[in-house]
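>>> model the following, please.
(4 chains)
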Number of protein chains: 2
Amino acid sequence: MDHVEKIIGHAEQQCKAHGVRLTVKRKQVLAGLIQSDKALSAYEIVDFCTRHYGQTMPAMSVYRILEFLEHEHLVHKLSLANKYVACAHISCGHAHAVPQFLICRQCSKVKEISIQPATIAELRQSVNEAGFKLVTTQLEMNCLCEGCIAQAA
Amino acid sequence: MDHVEKIIGHAEQQCKAHGVRLTVKRKQVLAGLIQSDKALSAYEIVDFCTRHYGQTMPAMSVYRILEFLEHEHLVHKLSLANKYVACAHISCGHAHAVPQFLICRQCSKVKEISIQPATIAELRQSVNEAGFKLVTTQLEMNCLCEGCIAQAA
DNA sequence: ACGACAAATGATATGTTGTAACATGCTACA
DNA sequence: TGTAGCATGTTACAACATATCATTTGTCGT
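Below you'll find the model as predicted:
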């Protein structure tokens, strides 16, 4: 049982606990995202599934499935890039803070981090002073990853 | 000479100083964004210009013009919302730090703020620790504005 | 096991956002 | 005034996303 399957297993447990089903198609989409070390667009997922599982996966289904997986906190949507990533903490088995995402502009590689609560609090404070309220502390930041920095140098 | 025209005047000076031209069409697009208190999509700008200036403005032109205006730091693209706003500081006449944007999820109203340099430094530090490098400190945050908070209550 | 209901997926159409490529027009300057 | 370069027009299409209704599949009570 490889790495990916293990994570899928965890995800399945989580879904069962919530009284929802992790169907075959949903597993396929989630597995695609887990295997990928970078964020994928919905249509890249379509291609992946169509190539790997021998039948065409309609875009409509992928969007529906992504919505489901996002709702179950198994994937995150990155609005900065219009792409999707598997949650980095499916297997941890405990609750997590809202994550922040570092997205490589060059290659779409994504790192999920947790910045200091104090820093978050400072941000929230600045937002409040401006008369707005933060809806989510999920931040997305335009970055370059190690690999792409090295390559550019 | 009203508020909008004054800002356009400043923008024109800036362009002249850079040896580029703020043409009629470019002024129309910029004026549309300045008049709007919220972020507009490219196609909303198309509609605005077509309605206000009596001839249809092709989407292609709007995208080209937005690219130009962004390059001149007269507008900002908000990737979180796929929308565009006029820079809040065109008339200030002095250099500004990279801004952060609070975007109302509900109504697209945007506030441009400058968060504490210390907070920015903490963020950059967290990013570096993860092995990435921040490409820009332009942050975009999902928020609710005062009006929409009041309405929701 | 069976029927009925709900959930999931299929199929088709369409809306929204953005770019490519090439033609035409405008402006400034030699 | 000619011309080179920039700006805009035009058309086509790629990429991203949602709406709607039909069909299939899974679950549950009987």
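
>>> so what's A:Ile8 up against?
Listed by C-beta atoms under 8 Å, 6 or more residues apart in numbering or on different chains, the contact set of A:Ile8 reads A:Leu22, A:Lys27, A:Leu30, A:Ala31, A:Ile34. C-beta coordinates here come from the backbone N, C-alpha and C atoms, glycine included.

>>> again, but for A:His96
With C-beta under 8 Å, 6+ apart, A:His96 has these contacts: A:His89, A:Ser114.

>>> quick one: which of the contacts of A:Ile8 has the most company?
Highest neighbour count within those, by other C-beta atoms under 10 Å in any protein chain shown: A:Leu30, with 27 neighbours.

>>> residues making contact with the helix or strand where that one lies?
Element membership for A:Leu30 (DSSP states H and E) is helix A:24-35. When contacts are defined by C-beta under 8 Å, 6+ apart, helix A:24-35 is touched by residues A:4, A:7-8, A:11-12, A:22, A:40, A:45, A:48-49, A:52-53, A:57, A:61-62, A:65-66, A:68-69, A:74-75, A:84-86, A:90.

>>> let's see that with 7 Å instead.
A:4, A:7-8, A:11, A:40, A:45, A:48-49, A:53, A:61-62, A:65-66, A:68-69, A:74-75, A:84-86 (C-beta atoms under 7 Å, 6 or more residues apart in numbering or on different chains).

>>> residues from chain A in reach of DNA strand C?
By the rule C-beta under 7 Å from any atom of the strand, the part of chain A lying against DNA strand C is A:20-21, A:23-26, A:57-61, A:64-65, A:68.

>>> from the residues you listed, list just the buried residues.
Among these, the ones that count as buried by 16 or more other C-beta atoms under 10 Å in any protein chain shown are A:Lys25, A:Arg26, A:Met57, A:Ser61, A:Ile65, A:Phe68.

>>> just these now: which is nearest DNA strand D?
Nearest to DNA strand D among those: A:Ser61, at 9.0 Å, using C-beta to the nearest atom of the strand.
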